[in-house]
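Enquirer: Okay, sequence plus prediction incoming.
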Amino acid sequence: MRTLSGYILTFILIPILSLLLFHLNKEWQAILPIQTFLNENINVEELTLATRSIITAGDGTTISEISNDERRIYLPSEEIPQLLKDTFVTVEDRHFFNHHGIDLIATGRAILQNAKHEQVEQGGSSITQQLAKNLYLTQDKTYNRKLTELLYAYQLERYYDKEKILELYINAIYYGNGSYGIEAAAQKYFNKTTNSLSDGELLFLAAIPNNPTLYDPLKQFNSTKERQERMIDQLTEQGKLTTEQSTTIKNQTISVQSVKPPDLYPDYVTYVEKELRQLVSETDGFTVQLNNPNAAVANKAEKDLEEKIKNLLESGITIHTALDKQIQDKARTTINESLSDTTIEAATVVIHHHTHELVSLIGAKDYKKYSFHRGYQSYRQPGSAIKPLLIYAPYIDLTNASLNDLISSNSFCSNGYCPDNYGGATYGNVTIKKAFANSYNTPAVRILDESGITNSFAYLEQLSFSKVSIEDYQLSAALGGFKYGMSPLELTTAYTTFQDGYFQPARAIRKVTDKEGKILYQWNVDQRVRIWNPTTVAKMKGLLESVIKEGTAKNAAYQTNESIGGKTGTTNEVKDLWFIGYNQNYTTGVWIGKDKPQNIQYIGQPHLTIWKNIMKEY
């Protein structure tokens, strides 16, 4: 009896509350106008629906989606079929265009039905109330939540016209299996856009939101089809469809499938998301705050940046990248072919050195999204691959040395540091070109000693190696002896300076646009830094060419009329194998090794094969 009394009392109170909302009492206004109260406590002005963002390749195709738990593709009102609008109004809220957010008759009918069963079974909610529930409230069927829903519905009707509310509703509601909004549902179940659906497919999807579990099209197809046909009957009764149209739509073939959102090229996409954070941080001024020595300032900046990124990704942006899918596919294939049936890992980097765009990035043989990325997160000793950057180019730049100048390749010792050439061999006086092509060690150490460690490292400091520090300022660095080393991405980017003498970071992101195509973020033309003079660049190209023609990378050679060159790198006990080289358009870096460094001498020279197979086609 007490429960029944409670329902009767609520039944009486709801119309009274509604009347108070729609016919403001003058005496109450004198104390505090209801609109002022609602404005202060219920804000619906800044209304946005979380929308999936996408990442596109260089050719404009979508390679990945980014979304939270609600996968939504927002569709503006003009792109929503009128039949779908008519359907939801007819089935869910026939008085939608006549009431002010609350259908008192429908609400009263629901209360009587609920009182009869002594539990909340019917909602009696208008479309506006359902929108309020989806946007702001829980799905609990309680009367406290219901009353709050009325207040939100009233506010929504104050700020938005009916067309906008209907647009928001159709985009907000849940269509099952992680899909929110009609466009996400169309792509999920039919692999089509909303406007390419048949009327039957469109109304089939409209049947789902009433109960996404009961009308799950993948598990409960027959139930969903039955509801679709009931809805078609209602549309016919209301004159929205003719009898002939009704019959035609019911007979249209419905063939659902479960289509997964695109999630391709995880190596590249993972890096793009990392670069997006850097782009936003630098553009919006977070970088300085993140590096503030005051921990409180840095922590707040970190929190604010994360919130900024979250809101950006939920706003439906497009991240346009420079990915070359063909090169990425080729790099993946050749790595797997060269290193099959081994536990050896690999990373490759391909940079279009004319544009400084990162067009390909491989992080492992079988890279899984967001896992450890060997392309930019792994810092390894560079071996002799550092010689062009730390030894030969600085020496030539400082002294204008000729490639035919002689230098001793005999034994060398300084303050107890006595490196050997491979196998302990000595070769007497050799030209700089021969010492470079064959990667002799003692000439390189002699040159560093002669140039001066500080002078040579001054060049390296301009190349953005994040882990290089004053601790590395030792003669042993001439042979790749660094405390931490460098990543394949860093080392490959540094090698692009041998094209025109300038350093410029390699970028994967071309621009970031909003749903309307407006550019939100774009790398400004990075301030290029001159590293080498033109004469040095020309001589270094001669040296790098000699490595492939007559030196340690002869197995990387392929038939071409272009200039190709590069440098090998092998660390102590052959724990890492490197080759960084270029052709007319691209600078490509290859690293192979084991995550826990071990001798891999038995593998031969797959790094040269990988590089050649990528470069000879592009």
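Expert: Done, it's in.
Enquirer: For the rest of this, base every contact and every neighbour count on C-alpha atoms.
Expert: OK.
Enquirer: contacting residues around stretch 242-256?
Expert: Applying C-alpha atoms under 8 Å, 6 or more residues apart in numbering, the contact partners of stretch 242-256 are 189-190, 198-201, 204, 217-218, 229, 232-233, 236.
Enquirer: and the residues you listed as CSV, adding secondary structure, distance to Leu544 and pLDDT?
Expert: Listed next are the contacts of stretch 242-256 as CSV, based on DSSP: H, G, I helix; E, B strand; the rest coil; distance: C-alpha to C-alpha, whole Å; pLDDT from 0 to 100:
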residue, secondary structure, distance to Leu544, pLDDT
Tyr189, helix, 54, 98
Phe190, helix, 54, 97
Ser198, coil, 61, 97
Asp199, helix, 64, 97
Gly200, helix, 65, 97
Glu201, helix, 61, 98
Phe204, helix, 64, 98
Pro217, coil, 61, 96
Leu218, coil, 59, 97
Glu229, helix, 72, 97
Ile232, helix, 73, 97
Asp233, helix, 77, 97
Thr236, helix, 77, 97
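Enquirer: Tell me the buried residues within those.
Expert: Applying 16 or more other C-alpha atoms under 10 Å to the contacts of stretch 242-256, the neighbour count classes 189-190, 199-201, 204, 217, 229, 232-233, 236 as buried.
Enquirer: one step back: now, the most widely separated pair of the contacts of stretch 242-256?
Expert: Leu218 and Thr236 (27.1 Å; C-alpha to C-alpha).
Enquirer: Reformat the contacts of stretch 242-256 as TSV; add distance to Ile317.
Expert: TSV is the format used below for these (distance: C-alpha to C-alpha, whole Å):
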residue	distance to Ile317
Tyr189	23
Phe190	24
Ser198	29
Asp199	30
Gly200	31
Glu201	28
Phe204	29
Pro217	29
Leu218	30
Glu229	37
Ile232	36
Asp233	40
Thr236	40
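Enquirer: From the chain's centroid, how far away is the one helix or strand Val590 maps to?
Expert: In the assignment (DSSP states H and E), Val590 maps to strand 586-593. On the basis of C-alpha atoms, centre = their mean, to the nearest Å, strand 586-593 sits 23 Å off its chain's mean C-alpha point.
Enquirer: If you count contacts, what does it end up packed against?
Expert: Packing partners of strand 586-593 (3 or more C-alpha pairs under 8 Å, 6 or more residues apart in numbering; DSSP states H and E): strand 345-352, helix 488-495, strand 576-582, helix 606-615.
Enquirer: Quick one: residues contacting Asp472.
Expert: Residues counted as contacts of Asp472 (C-alpha under 8 Å, 6+ apart) are 481-483.
Enquirer: and the gap between it and Arg374?
Expert: Remark: distance between Asp472 and Arg374 (C-alpha to C-alpha, to the nearest Å) = 22 Å.
Enquirer: in the stretch 501-618 of the chain, which spans are strands?
Expert: Along the stretch 501-618 of the chain, the segments classed as strands by DSSP state E, counting those that start in this stretch run 502-503, 509-513, 519-521, 529-530, 565-570, 576-582, 586-593.
Enquirer: Which one of these lies nearest to Lys162?
Expert: Closest to Lys162 of the strands of the stretch 501-618 of the chain is strand 509-513 (C-alpha to C-alpha; 29.1 Å).
Enquirer: quick one: average pLDDT of the closest one?
Expert: For strand 509-513, the mean per-residue pLDDT is 98.
Enquirer: give me the element Leu166 is part of.
Expert: Judged by DSSP H and E, Leu166 forms part of helix 162-172.
Enquirer: how far out from the middle of the chain is that helix?
Expert: Taking mean C-alpha positions (C-alpha atoms, centre = their mean), helix 162-172 and its chain are 29 Å apart.
Enquirer: what's the answer for stretch 79-87, then?
Expert: Offset of stretch 79-87 from its chain centre (C-alpha atoms, centre = their mean): 33 Å.
Enquirer: So which bits of it are buried?
Expert: By neighbour count on 16+ other C-alpha under 10 Å, the buried set for stretch 79-87 is 80, 84-87.
Enquirer: Enumerate every residue touching Tyr459.
Expert: 389-390, 394, 531.
Enquirer: what's the angle between the helix or strand encompassing it and helix 488-495?
Expert: Using DSSP H and E, Tyr459 falls within helix 453-460. Angle between the axes of helix 453-460 and helix 488-495 is 100 degrees (criterion: axes from the mean of the first three to the mean of the last three C-alpha atoms, to 10 degrees).
Enquirer: got the buried residues for helix 453-460?
Expert: Residues of helix 453-460 classed as buried by neighbour count (16+ other C-alpha under 10 Å): 453, 456-457, 459-460.
Enquirer: what's the answer for stretch 257-273, then?
Expert: 261, 265-273.
Enquirer: coming back round to it: how far is the helix or strand following the helix holding Leu166 from where the chain is centred?
Expert: Sequence-wise, the next helix or strand downstream of helix 162-172 (DSSP H and E) is strand 179-180. With C-alpha atoms, centre = their mean as the basis, strand 179-180 stands 20 Å off its chain's centre.
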